[in-house]
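Asks: Mind looking at a prediction? Sequence and model below.
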Amino acid sequence: MKLLLIAVAAIALMASGFLFVGGVSPAIVVAPEHVFDIGPLAITNTMFTSWLVVLVLLVIGFVTRRGLKLVPSGFAGGVEAVVEAFLGIVVSVAGEKNGRRFFPLVATIFFFVLTSNYFGLLPLNSIGKPEPGHGAKQAVFQQGGGIAYIPLKPASIDVAGGEAPLLPAGMAAHGAPGEAHATPAAGKADAHAPAAVYPEGSFSGALSPYIRSVNTDINAPLAIAIFSFIFVEFWGLQSLGPGYLKKFVAFDAIFKKGPMGLIDVFVGILEFVSELSRMVSFTFRLFGNVFAGEVLLLMMSFLVPFLLVDVFYGLELFVGLIQAFVFSILTLVFAVTAVSHHGDGDHAEAEHHGAH
């Protein structure tokens, strides 16, 4: 009986999804979309979302700071418990002294990446900037006050073969209020092409959402990876002094070991290349996982709304947490390795002060 009810519910969800909620044909765009300008600065949706993420984290920090007390409780107590738990993980890996030293950067990376990943899962990608006239297969969107949104059941039209619809009167080529004459949406249509009739305040084309996951813009994970690299190298130099660079430049090994010292020189070069390659692996690991998750949710929302998309949302919640944890913990592990590097004994005293 339970299995029958589950099957009926699943069929009902699928039917309601196809009847009342219809996703538009997915448009997968790798580059972040331009949504507005601040003076000469062009703002993309990923940049705008990153500002919102920072604002949310600042508000959480401010509210938590005001709510701190001897016996934690409520929202502040919950945030404090999460931060304390993460601090415990960092200290268990790096030791008390280095753990508290590395914690500000590692925690910042973790909470920023986690919040950015979860922001991309908010159901706000149906609101954005109107982009009339994109591609042969388009959807009719609603527009008002310069902001467009996807209705529950958007109508799709085919503008291939020269039968390009025309934009509603009063809309210029880029969706802003402008000239009163209609403008071809697809570029193939001539002045005598038949015009499609749209309801008042609608247009045919694509939509650039205002909210998009920050880490689907490869510049964001690359920037975090560069900061991670810089701080790891800084901590290594701070703890071990100039002797830290000996693991990269081991030319003195030739004088100590003779021809066998060439092996140490080669290993030093490999070590340097390995340090640089971390930035590449960090960047593409985070970008690839988050972008693939966004594409997966987009396709499932189009193909099977109200059913499988819920399962994949749960999966992406888990993936977003894992990616934030992996990025931050790898930064921590590399930092611990940097401050505890052992050379030929020339800087043993520095190692003693820089390690646990």
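Replies: Yep, it's here. Residues are numbered from 1 along each chain as shown.
Asks: Only C-alpha atoms from now on, for both contacts and neighbour counts.
Replies: Will do.
Asks: buried residues in stretch 41-52?
Replies: 43-50, 52 (16 or more other Cα atoms under 10 Å).
Asks: Let me fix that, I meant to ask about stretch 99-106.
Replies: 99, 102-103, 106.
Asks: same for the longest helix along the chain, what does it pack against?
Replies: Taking DSSP state H as the criterion, the chain has its longest helix at helix 261-303. Under the contact criterion of 3 or more Cα pairs under 8 Å, 6 or more residues apart in numbering; DSSP states H and E, helix 261-303 touches helix 219-240, helix 252-257, helix 308-339.
Asks: Can you tell me which of those helices is nearest to residue 283?
Replies: helix 219-240 (4.9 Å; Cα to Cα).
Asks: Let me know the closest of the buried residues of stretch 99-106 to residue 224.
Replies: Nearest member of the buried residues of stretch 99-106 to residue 224, counting by Cα to Cα, is residue 106, at 10.8 Å.
Asks: Give me the phi and psi for the closest one.
Replies: phi -60, psi -40 (degrees, to the nearest 10).
Asks: pLDDT weak spots in the stretch 1-150 of the chain?
Replies: Residue ranges of the stretch 1-150 of the chain with pLDDT under 70: 10, 13-27, 125-126, 132-150.
Asks: One more pass at 90, please.
Replies: By pLDDT under 90, the low-scoring segments of the stretch 1-150 of the chain are 1-45, 63-81, 95, 97, 119-150.
Asks: which stretches of it form helices?
Replies: All helices of the stretch 1-150 of the chain, identified by DSSP state H, counting those that start in this stretch, fall at 2-20, 45-67, 74-94, 96-119.
Asks: lowest-confidence stretch among the helices and strands packed on helix 261-303?
Replies: Ranked by mean pLDDT, those bottom out at helix 252-257, with a mean of 62.
Asks: what about the closest residue to residue 86 other than its chain neighbours, how many neighbours?
Replies: What sits nearest to residue 86 in space, not counting adjacent residues and going by Cα to Cα, 6 or more residues apart in numbering, is residue 107, at 7.5 Å. Neighbours of residue 107 under the rule other Cα atoms under 10 Å: 20.
Asks: just the one 3 residues further on next, same as before
Replies: Using other Cα under 10 Å, residue 110 has 21 neighbouring residues.
Asks: same question, residue 84
Replies: With other Cα under 10 Å as criterion, residue 84 counts 12.
Asks: Please apply the same query to residue 223.
Replies: Around residue 223 there are 13 residues (other Cα under 10 Å).
Asks: residues touching it, list them.
Replies: By Cα atoms under 8 Å, 6 or more residues apart in numbering, no residues touch residue 223.
Asks: quick one: contacts of stretch 38-55?
Replies: By Cα under 8 Å, 6+ apart, stretch 38-55 touches 32-37, 112, 115-116, 119, 208-217.
Asks: Make a PyMOL selection of the buried ones in these.
Replies: In PyMOL syntax, the buried subset of the contacts of stretch 38-55 is picked out as below (16+ other Cα under 10 Å):
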select buried, resi 32+33+34+35+112+115+116+119+208+209+210+211+212+213+214+215+216+217
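Asks: out of the contacts of stretch 38-55, which are inside strands?
Replies: 34-37, 208-209 (DSSP state E).
Asks: ok, those vs residue 67, which is closest?
Replies: For these, the nearest to residue 67 is residue 209 (35.2 Å; Cα to Cα).
Asks: Dig out what that closest one forms beta bridges with.
Replies: Per DSSP bridges, the residues bridged to residue 209 are residue 128.
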